[in-house]
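Trainee: Pasting a predicted model and its sequence here:
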There are 2 protein chains.
Amino acid sequence: MTLEFDPIEEAGRNWTQRGWGADEAMKAATSIARVQQIVQGRIDAALAPFDLNFSRFEVLALLSFTREGRLPMGKIGDRLQVHAASVTNTIQRLETSGFVTRSRDDHDRRTVLARILPPGRAAAQSGADALAEIDFGLRELSAASCRELTEGLAVFRAATGDFVTDG
Amino acid sequence: MTLEFDPIEEAGRNWTQRGWGADEAMKAATSIARVQQIVQGRIDAALAPFDLNFSRFEVLALLSFTREGRLPMGKIGDRLQVHAASVTNTIQRLETSGFVTRSRDDHDRRTVLARILPPGRAAAQSGADALAEIDFGLRELSAASCRELTEGLAVFRAATGDFVTDG
DNA sequence: GCGAGATACTTTGATGTCCAAGTATTTCGG
DNA sequence: CCGAAATACTTGGACATCAAAGTATCTCGC
């Protein structure tokens, strides 16, 4: 499984040799993809015992953070930046697991409210503990390195218009 | 679509308030996931006109870098760190597009060799040009920032045993 | 207060990824 | 040189994501 060299550096050398441009960006993009793959794998493995994956955990965490433990489907999609159809799918799965319920909003019958149930809160807590236990898949990085990384990526996210900055 | 605040910072505040641990790692992991989502979307959009997505482009690039323009399926999976089944799927798609052909290795009949065809080389060139044109989806970052990011992530990848370091 | 258009969600279909099981071929101990 | 185990790939099933079309409900101008 483990390679004898860094495949990204190797690709970078070939890339440059070919005269294909933007080689620094190419290596950065490829590195992000690879690290994401590793981290996501670790996270999903840690959550699997609780009948969760990262998407479902994120929804439960988001709901547990609200005052009333419920949110419209649309708000969930906005916050987690996923497609409405994915929210429907995820909530259905959580409902099957007995972690949330769905109901129509009385003030706007188009809106569907997802509400977290006690088993959902328990699962979220277990999941959070499990994720803290594995340092969110980033055990090899110090808190300082994590902060640096987060800040560097926030600059990028802000520049792309992912969210509005205070300024 | 654009939020009025950084959802990751917001999640971080809630996370800390709950006393859920590893909050720095949590924000870093979430940031990586989000940036990966943005970058991958841009990359796939840039490659779509050439009947490619990033996975298929990576395979074509890898094949074009080899002396003979061919590799066993297994080697492709090792290099790109993807499951053998995914390689089969990707190569089938590339074959349908007329970009590669498959053939048995005469020296080991278990092995299947994927070979890049002239249209595949042309597509790889077009894809590389398109990706350089959009700076691999990282236009907002300078080459120096990219290098910094790559190096930081390489430390992590090496620490996870993703590849063997020279030392 | 009516009807066009906007909004909120679900459904359906196309993709892509992984795992586990299945097939074919090679290797290797005795 | 025979058969068990290893290797290389493919297939089938489970899931997740997205886009586009469909349904229900609300808003707003006239």
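Mentor: Thanks, I have the structure now. Numbers count the residues shown, from 1 in each chain, chains lettered A, B, ... in the order given.

Trainee: so who does A:Ala128 touch?
Mentor: If you count contacts by Cβ atoms under 8 Å, 6 or more residues apart in numbering or on different chains, A:Ala128 has them with A:61, B:15, B:18, B:20-21. (Glycine included, C-beta is placed from N, CA and C.)

Trainee: buried set for whichever helix or strand it is part of?
Mentor: Using DSSP states H and E, A:Ala128 sits within helix A:118-133. Under the neighbour-count criterion of 16 or more other Cβ atoms under 10 Å in any protein chain shown, helix A:118-133 has A:120, A:123-128, A:130-132 buried.

Trainee: Next secondary structure element downstream of it?
Mentor: Going down the chain from helix A:118-133, the next helix or strand is helix A:143-159, by DSSP H and E.

Trainee: right, is that next one up against chain B?
Mentor: Yes. Contact between helix A:143-159 and chain B, assessed by Cβ under 8 Å from any Cβ of the partner chain, occurs at A:143, A:145-150, A:152-159.

Trainee: who's in contact with that helix?
Mentor: Residues outside helix A:143-159 that contact it (Cβ under 8 Å, 6+ apart) are A:138, A:141, A:163, A:165, B:6, B:8-9, B:24-25, B:27-28, B:31-32, B:34-35, B:38, B:138, B:140-141, B:145, B:148-149, B:152, B:155.

Trainee: send the alpha carbons of the helix holding A:Ala128 over as PDB?
Mentor: Extracted in PDB, the C-alpha atoms of helix A:118-133 (Å, rounded to 0.1, in the frame of the first residue of the first chain):
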ATOM      1  CA  PRO A 118     -33.000  11.900  22.400                       C
ATOM      2  CA  PRO A 119     -31.300   8.900  20.600                       C
ATOM      3  CA  GLY A 120     -30.000  11.500  18.100                       C
ATOM      4  CA  ARG A 121     -28.500  13.600  20.900                       C
ATOM      5  CA  ALA A 122     -26.900  10.500  22.400                       C
ATOM      6  CA  ALA A 123     -25.500   9.500  19.000                       C
ATOM      7  CA  ALA A 124     -24.100  13.000  18.500                       C
ATOM      8  CA  GLN A 125     -22.500  13.000  21.900                       C
ATOM      9  CA  SER A 126     -20.900   9.500  21.200                       C
ATOM     10  CA  GLY A 127     -19.800  10.700  17.800                       C
ATOM     11  CA  ALA A 128     -18.200  13.900  19.100                       C
ATOM     12  CA  ASP A 129     -16.400  11.900  21.800                       C
ATOM     13  CA  ALA A 130     -15.100   9.400  19.200                       C
ATOM     14  CA  LEU A 131     -14.000  12.200  16.900                       C
ATOM     15  CA  ALA A 132     -12.200  14.100  19.700                       C
ATOM     16  CA  GLU A 133     -10.600  10.800  20.600                       C
END
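
Trainee: Okay, angle between the lengthiest helix in chain A and helix B:143-159 too, please.
Mentor: Scanning chain A for the longest helix, with DSSP state H as the assignment, gives helix A:23-47. Interaxial angle of helix A:23-47 relative to helix B:143-159 (axes from the mean of the first three to the mean of the last three Cα atoms, to 10 degrees): 40 degrees.

Trainee: for helix A:23-47, packing partners?
Mentor: Counting by 3 or more Cβ pairs under 8 Å, 6 or more residues apart in numbering or on different chains; DSSP states H and E, the packing neighbours recorded for helix A:23-47 are helix A:7-18, helix A:54-65, helix A:118-133, helix B:23-47, helix B:143-159.
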